[in-house]
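J.: test case, fold it:
(one chain, ligands or ions: 1)
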Amino acid sequence: MTERPAASTADTASTGTTDSTTSGSGSAPAREPRPVRLRGALDAVPAYVAGKPAAATPGVTAYKISSNENPYPPLPSVLDVVREGAAQMNRYPDMGVSALTEALAQRLAVPAARIATGPGSVGVLGQIITALCDPGDEVVFAWRSFEAYPILVSLAGAAPVQVPLTSEARHDLDAMADAVTERTKVVLVCTPNNPTGPSVRTDELEAFLDRVPTDVLVVLDEAYLEFVTSEDAPDALAIHRARPNVAVLRTFSKAYGLAGLRVGYAVAHEPVAEALRKAAIPFGVNSLAQAAAIASLEAFDELQQRVDELVAERARVVAELTKQGWDIPDTDANFVWFGVGERAPEFAAACQAAGLTVRPYGTDGVRATIAEREANDRLLEVAAAFPRD
Ligand SMILES: *Cc1c(COP(=O)(O)O)cnc(C)c1O
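T.: From the prediction side, this is the model:
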């Protein structure tokens, strides 16, 4: 019989010196426990305030109009693909996301090498920041704008440089160009802007891009592209083709109705796109999301009808609010902005009392998503009854 080795010296050594005399008692070494060392950058990371779920009031249908989701249920054709895909969820997804990348390349008429996917466009934006920013680097963006921007930038140890919107709740692109320094690695342009609604105009964007150094990446975040109707809104892909430092960020979460599955993408010139693929979390885009995104691209005409209905509802809501005397910023997205300032909590509470969960932003204003007709009608009723001076 082979001799069983005695307790290894490594085991004994690892228990430490104070422990060796009380071997077998299981007592911990007598030393001051020190907390594990977290990154200091975390102190600067603001918490994401997500849109709250709809709150039930007896006898009233509650609507969640706080997260800009698509109010329509998934298309049957997309749901079928997801159901089928669920039977293989014991397998890892295609890490290269090749079929979806190919489908996007064809649809957008760009080389597949320019596409980088991720778990939602928030995930892709995380890849962008990771790929471009070292601690201390700066990322310029408008404020208010998308809630996730300061979080992702701070998380990387980079510095968010927030440039106030104009009085019309638009990007101040001149001021943003002025804010670019030697440390600026990325500028984020949210068009249309979440949470206020306006798109940037083509001419002002071109003038801005002429001023930004060509080694600074400008990201055009087009999460709401499908809802855009302004004639002077930019053709982001065309601008991307003409300028090597321009990337376009898009998502399947809003018009395509796949917010819960998490898939988005960037179109960027090759050295950048390759860096974004490198910075991706392996297998970050799950197999159901990949399959559903492809099926959604194929069902685009059907989805377009829903988008058209929401855009028509948006026009109706804005026209009615204007008639009521509200000054609503031009919106190219699936939401409207009430710039009620300090009365934001009060306005949100009035909506809540009517069964509408909206999204208040501190003491700036309230964003309400265009949704089912009944929800929109109720929003109009609350707005009409809200006392204003
Ligand atoms: C909703 C939204 C996104 C998309 O988020 P996903 O991670 O793709 O769900 C990106 N940018 C803006 C401005 C948004 O409002």
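
J.: so where's the stretch 1-150 of the chain shaky on pLDDT?
T.: Residues of the stretch 1-150 of the chain meeting the criterion pLDDT under 70: 1-29.

J.: if you set the cut-off to 90 instead, what comes out?
T.: 1-31, 46-60 (pLDDT under 90).

J.: is stretch 325-337 up against the ligand anywhere?
T.: No. Contact of stretch 325-337 with the ligand (CB under 6 Å from any ligand atom) is absent, the minimum separation being 8.0 Å. C-betas here are computed from N, CA, C, even on glycine.

J.: and that stretch, what's buried?
T.: Trp326, Ile328, Pro329, Asp330, Thr331, Asp332, Ala333, Asn334, Phe335, Val336, Trp337 (16 or more other CB atoms under 10 Å).

J.: name the nearest residue to Val124, sequence neighbours excluded.
T.: Closest residue to Val124 apart from its sequence neighbours, by CB to CB, 6 or more residues apart in numbering: Gly118 at 3.6 Å.

J.: return the residues of the stretch 101-250 of the chain in contact with the ligand.
T.: Gly120, Ser121, Val122, Phe146, Cys190, Asn194, Asp221, Ala223.

J.: circling back to that earlier point, okay, and the beta partners of the residue nearest to Val124?
T.: Gly118 has these beta-bridge partners by DSSP bridges: Gly264.

J.: and the gap between it and Val263?
T.: 8 Å (CB to CB, to the nearest Å).

J.: which neighbours do the two have in common?
T.: Val285 (CB atoms under 8 Å, 6 or more residues apart in numbering).

J.: can you give me the helices for the chain?
T.: Remark: helices assigned in the chain by DSSP state H are 9-14, 17-20, 76-86, 98-108, 120-132, 148-155, 173-178, 202-211, 236-242, 270-278, 287-298, 300-323, 344-353, 373-385.

J.: most tightly packed of those?
T.: Highest mean neighbour count of those: helix 120-132, a mean of 24 (counted as mean count of other CB atoms under 10 Å).

J.: restricting to C-alpha, output that one in CSV.
T.: Only the C-alpha atoms of helix 120-132 are listed here, as CSV (Å, rounded to 0.1, in the frame of the first residue of the first chain):
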residue,chain,number,x,y,z
GLY,A,120,-27.4,46.5,-25.3
SER,A,121,-25.9,49.7,-26.7
VAL,A,122,-25.0,50.5,-23.1
GLY,A,123,-22.8,47.5,-23.2
VAL,A,124,-21.2,48.7,-26.4
LEU,A,125,-20.7,52.1,-24.9
GLY,A,126,-18.9,50.4,-22.0
GLN,A,127,-16.6,48.8,-24.6
ILE,A,128,-16.0,52.1,-26.2
ILE,A,129,-15.0,53.8,-23.0
THR,A,130,-12.9,50.7,-22.0
ALA,A,131,-11.1,50.7,-25.3
LEU,A,132,-10.4,54.4,-25.4
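
J.: quick one, it and helix 287-298 angle?
T.: 110 degrees (axes from the mean of the first three to the mean of the last three CA atoms, to 10 degrees).

J.: give me the contacts around stretch 168-182.
T.: Contacts of stretch 168-182 (CB under 8 Å, 6+ apart): 138, 140-142, 161, 163-166, 187, 189-191, 193, 196-198, 200, 204-205, 207-208, 211-213, 216, 329-330, 337, 339.

J.: CA atoms of it as CSV?
T.: Extracted C-alpha coordinates of stretch 168-182, given in CSV (Å, rounded to 0.1, in the frame of the first residue of the first chain):
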residue,chain,number,x,y,z
GLU,A,168,-34.3,74.8,-26.0
ALA,A,169,-33.1,71.6,-24.4
ARG,A,170,-30.7,71.0,-27.4
HIS,A,171,-27.1,70.1,-27.5
ASP,A,172,-24.9,73.2,-27.4
LEU,A,173,-22.4,71.9,-29.9
ASP,A,174,-20.3,75.1,-29.9
ALA,A,175,-19.8,74.8,-26.2
MET,A,176,-19.1,71.1,-26.5
ALA,A,177,-16.4,71.8,-29.1
ASP,A,178,-14.9,74.4,-26.7
ALA,A,179,-14.9,71.8,-24.0
VAL,A,180,-12.6,69.4,-25.9
THR,A,181,-9.0,69.4,-24.5
GLU,A,182,-5.8,67.4,-25.0
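
J.: returning to that earlier point: for Leu42, which of the helices of the chain is the nearest?
T.: Nearest of these to Leu42, taken as CB to CB: helix 148-155 at 7.5 Å.

J.: burial measure for the residue nearest to Asn70 when sequence neighbours are not counted, as a count.
T.: Leaving aside its sequence neighbours, Asn70 sits nearest to Gly257 (CB to CB, 6+ apart; 3.7 Å). Neighbourhood size, Gly257 [other CB atoms under 10 Å]: 22.

J.: look up phi and psi at Gly257.
T.: Main-chain torsions, Gly257, degrees, to the nearest 10: phi 70, psi 30.

J.: one step back: filter the buried residues of stretch 325-337 down to just the ones in strands.
T.: Using DSSP state E, Phe335, Val336, Trp337 are the members of these that sit in strands.

J.: ok, of those, which one's closest to the ligand?
T.: Phe335 (8.9 Å; CB to the nearest ligand atom).

J.: pLDDT at the closest one, what is it?
T.: In this model, Phe335 is scored at 98, pLDDT.

J.: who's in contact with Tyr149?
T.: Here Tyr149 is in contact with Leu125, Val139, Phe141, Pro160, Leu188, Cys190 (CB under 8 Å, 6+ apart).

J.: nearest residue to the first one in space, please, no chain neighbours.
T.: When you say that, I think you mean Leu125. Leu152 (5.7 Å).

J.: against Gly120, how distant is Asp332?
T.: 21 Å.

J.: and the residue of this protein that's closest to the ligand?
T.: For the chain, CB to the nearest ligand atom, closest residue to the ligand: Gly120, 2.4 Å.
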